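Student: Quick one, fold the following:
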Amino acid sequence: MSSAQGSLRGSGEAVTQTFLFADLAGYTALTEAHGDEHAADTAERFCGLVRALLPAHEAEELNLVGDALLLRVPTASAAARLAAQIVSDHGHHNGLGVRVGMHTGSAVQRGHDWFGAAINLAARVADVAAAGEVLLTQKTRDVLPAATPTQPRGRRVFKNVSRAVELHELVVRPGQQEPRLTTDPVCRMAVDPALAAASQTHQGIEHHFCSAGCHELFDASPYSYAWAAAGPGGAPGHYVPAAGRAGLTAGYDLAMALTMRERRWRPALLHAATRDLPPGGTVLELGCGTGANAIALAQLRPDATVLAVDGDPSALAIAQRKAGAERVAWHHQLATEPVPGSSPIDVALCSLLLHHLSDADKRQVLTRLADALRGEGTVHIADWGPPRGLLTRLGAHALQALDGRQGPASLLAGELPTLLTDAGFSHSQCAGSVTTAWGRLQLWQAQAQGPEARSRPPMAGSHDPTSPTSEGAQP
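Tutor: Below is the predicted model:
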């Protein structure tokens, strides 16, 4: 034990320290793909390597949860040096990316344990770091030497944190270029293409695999993995951008305004979501894109917690620059990943998301939403439905030419009610539809099948004057 640690032991007074979380991005996917024993061995080796670095930085291990180490360091400068060494020396440990989050603040020591909001915030910062990345808060940046190389990463709203938090990235290797690694789409381990066990091209994208077993799983069901493939260590990488092509994201809002007749359906979608949201409730939007719905929900219901998820960093960057964005908790992750937040949600929103996903991923996303919703929770969906007439058929063909045929097919065939039922929803109904340049857009709503939901009668359709009227409320 260092002298700094010894002087603090059992003091019981609030002191300023820097807390650091280090963990392996993609660890859960590794466990599912290769088993508990392999994952535990990987985490044990990683933790051993980190522990060997602690004495040189007067750092102390406070806790270990799975693959995540909570560390305390007396000064921010020492913490930054430790974080940089962890990522520099072990940035890709056994194929998994290492990520670190840091925050400087006051905490209280009682016996061998530390308590304080600073520890919780450090953990939340680590959760949003990408593989091979060190993120730190403005409070940590303020006490670091001016020469410490960092890059601003913008403001981030965290659940149960009253104000948006300014984040910075610690530049670990100034002037050096990272080695090119890809990600195994099955287990999400980082893979050097030159050393991959196998490779396969799917829909024009080359995938590399860490083992023959992962390749076999992918080959048997490529759509279950290709649509959810990720960057090194599990950070979102391969996803379907908001406009179907990455180069079109900057013009997404304009394209929506010109071709989607938003005024005929978006107010109805937002009205239905806010109608079902209890006071102080939580609403989650999956596939939030450039944030129009999420920001509007936060403005309409300032008492609510609004969570917004998207896998496209470019779309999120546009969203976070908009007025009112600070009221939303933005999450950079794929829709197929676990629902963010530890508390149940009251309302879920999916606007123009499902048609980007394979049917297997549609089921996975809807099932996770049904599990995450409270017993009376509802999901509201705006997406494509079966075409009616020549114009909507032509629009549907144009849509599939842009976004591909696989994702929209089941929705265009009218299978969304079945997908909802299979996922655990009841009382699904179409609240309206609108003809657009890309086909027939439908608004659907359904209830989670909790004990109370099962006993309730079917929901009545929305009769708000903002309801879509171009084709009435017929499915």
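
Student: where do the strands sit along the stretch 101-250 of the chain?
Tutor: Taking DSSP state E, counting those that start in this stretch as the criterion, the stretch 101-250 of the chain carries its strands at 113-115, 134-137, 150-156, 165-170, 182-183, 190-191, 198-202, 205-209.

Student: Would you mind giving these as a markdown table with mean pLDDT, distance to A308 and mean neighbour count added?
Tutor: In short, each C-beta sits where N, CA and C put it, glycine included. Converted to a markdown table, the strands of the stretch 101-250 of the chain look like this (pLDDT from 0 to 100; distance: least, Cβ to Cβ, whole Å; neighbours: other Cβ atoms under 10 Å):
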| stretch | mean pLDDT | distance to A308 | mean neighbour count |
| --- | --- | --- | --- |
| strand 113-115 | 86 | 31 | 14 |
| strand 134-137 | 94 | 19 | 27 |
| strand 150-156 | 80 | 12 | 15 |
| strand 165-170 | 89 | 16 | 19 |
| strand 182-183 | 72 | 24 | 24 |
| strand 190-191 | 70 | 28 | 26 |
| strand 198-202 | 82 | 29 | 14 |
| strand 205-209 | 78 | 26 | 19 |
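
Student: which one of these lies closest to E415?
Tutor: strand 198-202 (23.4 Å; Cβ to Cβ).

Student: CA atoms only: put that closest one into PDB for me.
Tutor: This file holds the C-alpha atoms of strand 198-202, laid out as PDB (Å, rounded to 0.1, in the frame of the first residue of the first chain):
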ATOM      1  CA  ALA A 198     -11.700 -17.500 -42.600                       C
ATOM      2  CA  SER A 199     -13.200 -14.700 -44.600                       C
ATOM      3  CA  GLN A 200     -16.500 -14.300 -46.500                       C
ATOM      4  CA  THR A 201     -18.000 -11.600 -48.500                       C
ATOM      5  CA  HIS A 202     -21.700 -10.800 -47.900                       C
END
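
Student: What strands line up against it, and which way round?
Tutor: strand 205-209 (antiparallel) (DSSP bridges).

Student: Report the rounded mean pLDDT for stretch 64-79.
Tutor: For stretch 64-79, mean pLDDT rounds to 88.

Student: Would you mark the buried spots in that stretch?
Tutor: Neighbour-count burial for stretch 64-79, counted by 16 or more other Cβ atoms under 10 Å, picks out 67-79.

Student: would you list the residues you listed in a markdown table and tack on secondary structure and distance to H427?
Tutor: Shown next, in a markdown table, are those (DSSP: H, G, I helix; E, B strand; the rest coil; distance: Cβ to Cβ, whole Å):
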| residue | secondary structure | distance to H427 |
| --- | --- | --- |
| D67 | coil | 41 |
| A68 | strand | 40 |
| L69 | strand | 46 |
| L70 | strand | 44 |
| L71 | strand | 49 |
| R72 | strand | 51 |
| V73 | strand | 53 |
| P74 | coil | 57 |
| T75 | coil | 57 |
| A76 | helix | 53 |
| S77 | helix | 58 |
| A78 | helix | 57 |
| A79 | helix | 52 |
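
Student: how about a markdown table for those, with distance to G395 added?
Tutor: Listed next are the buried residues of stretch 64-79 as a markdown table, based on distance: Cβ to Cβ, whole Å:
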| residue | distance to G395 |
| --- | --- |
| D67 | 47 |
| A68 | 47 |
| L69 | 52 |
| L70 | 53 |
| L71 | 55 |
| R72 | 58 |
| V73 | 58 |
| P74 | 63 |
| T75 | 61 |
| A76 | 56 |
| S77 | 59 |
| A78 | 60 |
| A79 | 55 |
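
Student: Just name the closest of those to E326, please.
Tutor: A76 (25.3 Å).

Student: Relative to E415, how far out is the closest one?
Tutor: For A76, the distance to E415 equals 54 Å [Cβ to Cβ, to the nearest Å].

Student: Please apply the same query to R81.
Tutor: For R81 relative to E415 (Cβ to Cβ), the value is 55 Å.

Student: So between these two, which is more surrounded?
Tutor: R81 (18 against 15; other Cβ atoms under 10 Å).

Student: who's in contact with the more buried one?
Tutor: H57 (Cβ atoms under 8 Å, 6 or more residues apart in numbering).

Student: Helix, strand, or coil at it?
Tutor: helix (DSSP: H, G, I helix; E, B strand; the rest coil).

Student: With T336 instead?
Tutor: coil.

Student: domain ranges for this protein?
Tutor: 12-170, 182-234, 249-455 (automatic domain parsing).

Student: Pick out the shakiest of those domains, pLDDT-wise.
Tutor: domain 182-234 (a mean of 70).

Student: Span of stretch 55-64 from start to end?
Tutor: 17 Å (Cα to Cα, to the nearest Å).

Student: tell me which residues in that stretch are buried?
Tutor: H57, E58, A59, E60, L62.

Student: Between the two ends of stretch 70-77, what distance do you get?
Tutor: First residue to last in stretch 70-77 (Cα to Cα) measures 17 Å.

Student: Kindly report the same for stretch 24-43.
Tutor: Note: stretch 24-43 ends 8 Å apart using Cα to Cα.

Student: for it, the distance to its chain's centre please.
Tutor: 20 Å (Cα atoms, centre = their mean, to the nearest Å).

Student: which stretches of the stretch 251-400 of the chain form helices?
Tutor: For the stretch 251-400 of the chain, the helices defined by DSSP state H, counting those that start in this stretch occupy 252-259, 266-275, 292-300, 313-320, 359-372, 389-403.

Student: out of the ones you listed, nearest to G424?
Tutor: Per Cβ to Cβ, nearest to G424 of the helices of the stretch 251-400 of the chain: helix 359-372, 3.7 Å.

Student: And the closest one, what does it pack against?
Tutor: Applying 3 or more Cβ pairs under 8 Å, 6 or more residues apart in numbering; DSSP states H and E, we find helix 359-372 packed against helix 222-226, strand 282-286, strand 345-351, strand 373-384, helix 416-423.

Student: Pipe the ones you listed into JSON lines and attach mean neighbour count per row.
Tutor: Formatted as JSON lines, those follow (neighbours: other Cβ atoms under 10 Å):
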{"stretch": "helix 222-226", "mean neighbour count": "19"}
{"stretch": "strand 282-286", "mean neighbour count": "26"}
{"stretch": "strand 345-351", "mean neighbour count": "25"}
{"stretch": "strand 373-384", "mean neighbour count": "23"}
{"stretch": "helix 416-423", "mean neighbour count": "19"}
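
Student: In CSV, list those along with distance to D303.
Tutor: Formatted as CSV, the helices and strands packed on helix 359-372 follow (distance: least, Cβ to Cβ, whole Å):
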stretch, distance to D303
helix 222-226, 39
strand 282-286, 11
strand 345-351, 12
strand 373-384, 17
helix 416-423, 28
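
Student: which parts of stretch 358-371 are buried?
Tutor: In stretch 358-371, counting by 16+ other Cβ under 10 Å, buried: S358, D359, D361, K362, Q364, V365, L366, R368, L369, A370.

Student: would you turn the helices of the stretch 251-400 of the chain into CSV with distance to R51?
Tutor: Formatted as CSV, those follow (distance: least, Cβ to Cβ, whole Å):
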stretch, distance to R51
helix 252-259, 46
helix 266-275, 47
helix 292-300, 41
helix 313-320, 33
helix 359-372, 35
helix 389-403, 48
